[in-house]
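A.B. asks: predicted model and sequence below, questions to follow.
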Amino acid sequence: MRLTLRAALLWLVPVFVLALWFPRSIERPASSRSFQMSVWTYEGEGVYWDQTAALVDIPMFGEGNEQPPGRSIMRANTWLASTPFAVEGVPRPDWSRILAVIIDEPYTGSLPDDEDGEIRTNPCWDSDRQETVTDIREKLMRAAAALHGIAPRTRLWVNFHQYEVDWMRDPECPQHLNDPVIDVVSLDNYDVFVSSLHDEYEWFASSIFDQQLALVPGTFYEDDWSLIEKALARLRLRGYFNYADKLNRRCDVGLGRAGRTDSYDGCRLWIVAGWSATPQVDRYLGLLHPNVSPLQEVWTSQLSKAQRFDARERGAYLPVTGGSRSPSSNDL
């Protein structure tokens, strides 16, 4: 019997979904990767670094909370204070073991919503918003100076909201939000394939040459997602890993402000950090939620790969433990 085009398409949809959900045992065997991995944790939501030990190379914790025993990433909580990272009553970390300090979406969190409930409007067109942004930038620069004084080998990592990047790139009135004092930058924009973010990351890379990048893929399901939407989330995550390997084919962008730290020095991509591990926040089911186990399998399959370094490049400051698989060009 000859199939109509509509019938053929309807038949192919479940085949496509099944292909994406095939058991991991028949996927391509693990080989190696050229980047390190972490996931976002929030003690206020009941998730601590020790709960993610099996999911990361580098654990994350919030400033003022228990610090992991080895090297880690600290989420900044006092960066807006007059004495950043030295607020009375907040325990001081062992800075010798802090690889990076993250400041998350510094501007959108301080601005009022637009009429549509978003924060899309470029502050350039609103004097009150512009004043707020100017004040936040001054505080961010103060926090950067404080961190560099306390721990000069610790990276300052700023995770920008998509709107913040849009303001920076506005040709009519660009906002000067990025800066060479920031060692690592990343972008919050989920539910999209990484290919749609290439332009933003390439813009970052071309703006400040020795500034490193971080990728922040979504490691969550929404509680009402269909089987196909969940399959697409897995496919998107694989695309981020492929792109990360591509970015680190060579680690020759320079050591940057922090100098030699023995942590992916000179590599364009410093880390892939999934958002988030939290089992449930509102409608988001994070990597530790049992219903997200298929997505966790994609994550841990990548984590299980040996980290690969080229001894001729700057990234080889850490041991060469991996194989020689060529990076995939399938940058979804």
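C.D. replies: Arrived safely. Here the structure is a predicted model, which is why all the values come from computation and not from measurement.
A.B. asks: tell me the mean pLDDT over the host helix or strand of Val133?
C.D. replies: Assigned by DSSP states H and E, Val133 belongs to helix 127-150. Across helix 127-150, the average pLDDT comes to 96.
A.B. asks: quick one: buried residues of that helix?
C.D. replies: Neighbour-count burial for helix 127-150, counted by 16 or more other Cβ atoms under 10 Å, picks out 129, 132-133, 136-137, 139-140, 142-144, 146-148, 150. Backbone N, C-alpha and C define where each C-beta goes, glycine included.
A.B. asks: now the element after whichever helix or strand Asp245 is part of, going C-ward?
C.D. replies: Using DSSP H and E, Asp245 sits in helix 227-247. Sequence order places strand 269-274 as the next helix or strand after helix 227-247, per DSSP H and E.
A.B. asks: elements contacting that next one?
C.D. replies: Contact here means 3 or more Cβ pairs under 8 Å, 6 or more residues apart in numbering; DSSP states H and E; on that basis strand 269-274 packs against strand 37-39, strand 184-188, strand 212-215, helix 227-247.
A.B. asks: which among these is found nearest to Asp166?
C.D. replies: strand 184-188 (10.6 Å; Cβ to Cβ).
A.B. asks: what are the contacting residues of the closest one?
C.D. replies: 100, 104-105, 155-162, 165, 178, 197, 200-201, 204, 211-216, 270-271, 273, 275 (Cβ atoms under 8 Å, 6 or more residues apart in numbering).
A.B. asks: now the helix or strand just after it against strand 184-188, angle please.
C.D. replies: The helix or strand immediately downstream of strand 184-188 is helix 198-207, counting by DSSP H and E. Relative orientation of helix 198-207 versus strand 184-188 (axes from the mean of the first three to the mean of the last three Cα atoms, to 10 degrees): 160 degrees.
A.B. asks: for helix 198-207, packing partners?
C.D. replies: Using 3+ Cβ pairs under 8 Å, 6+ apart, helix 198-207 sits against strand 184-188, strand 212-215.
A.B. asks: pick the most buried one from those strands.
C.D. replies: strand 212-215 (a mean of 24; mean count of other Cβ atoms under 10 Å).
A.B. asks: packing partners for that one?
C.D. replies: Using 3+ Cβ pairs under 8 Å, 6+ apart, the elements in contact with strand 212-215 are strand 155-161, strand 184-188, helix 198-207, helix 227-247, strand 269-274.
A.B. asks: gap between the helix or strand just after that strand and the chain center?
C.D. replies: Toward the C-terminal end, the helix or strand that comes next after strand 212-215 (DSSP H and E) is strand 221-222. Its chain's C-alpha centre and that of strand 221-222 lie 18 Å apart, by Cα atoms, centre = their mean, to the nearest Å.
A.B. asks: partners of strand 221-222, with directions?
C.D. replies: strand 284-285 (antiparallel) (DSSP bridges).
A.B. asks: residues in contact with the strand it pairs with: which ones?
C.D. replies: With Cβ under 8 Å, 6+ apart, strand 284-285 has contacts from 220-223, 276, 278-279, 291-292.
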